[in-house]
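Novice: coordinates only, no sequence provided:
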């Protein structure tokens, strides 16, 4: 299975047409995997953008709705493992969920979060 794990920063860049969206689109191929919390994080990004640009609320909401067109495969994490993984790699529990999925699925992680990317590179290198 050709798949990639995508985090909220990467998907938000594409959905909201941010400058980093082009490189993200170019690096993604195959099945899109993410923990279910991705939807909460994207909705939070939407809200933050509406608060920052209230006059563009309709446009922002329309862009947020594009997530429904993506062929995302959402997974629940192995909850008991998350605190240990977050502690080991100095991540938030949310970021650890993306790392956990990348490790479990043996798929690359697409993220704009430098700390998460470093942790993932180190964890994948330490297999």
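Specialist: Alright, I've got the coordinates. These figures come from a predicted structure and were not determined experimentally.

Novice: just the pLDDT for the closest residue to residue 18 other than its chain neighbours.
Specialist: Among residues not flanking residue 18 along the chain, residue 12 sits closest, at 7.1 Å (C-beta to C-beta, 6 or more residues apart in numbering). Bear in mind the C-beta positions are built from the backbone N, C-alpha and C, glycine included. In this model, residue 12 is scored at 97, pLDDT.

Novice: contact partners for residue 12?
Specialist: By C-beta atoms under 8 Å, 6 or more residues apart in numbering, residue 12 lies in contact with 18, 41-42, 45.

Novice: biggest helix in the chain by residues?
Specialist: Identified as the longest helix of the chain according to DSSP state H is helix 37-52.

Novice: now do the helices in the protein.
Specialist: Going by DSSP H, the chain shows helices at 8-15, 21-27, 37-52, 57-65, 82-89, 93-105, 114-125.

Novice: and the shortest one, what's buried?
Specialist: Across helix 21-27, burial judged by 16 or more other C-beta atoms under 10 Å covers 21, 24.

Novice: that one - what's its average pLDDT?
Specialist: 91.

Novice: which other residues reach that helix?
Specialist: In contact with helix 21-27 (C-beta under 8 Å, 6+ apart) are residues 4, 10-11, 13-15, 110, 112.

Novice: right, I'll leave it there.
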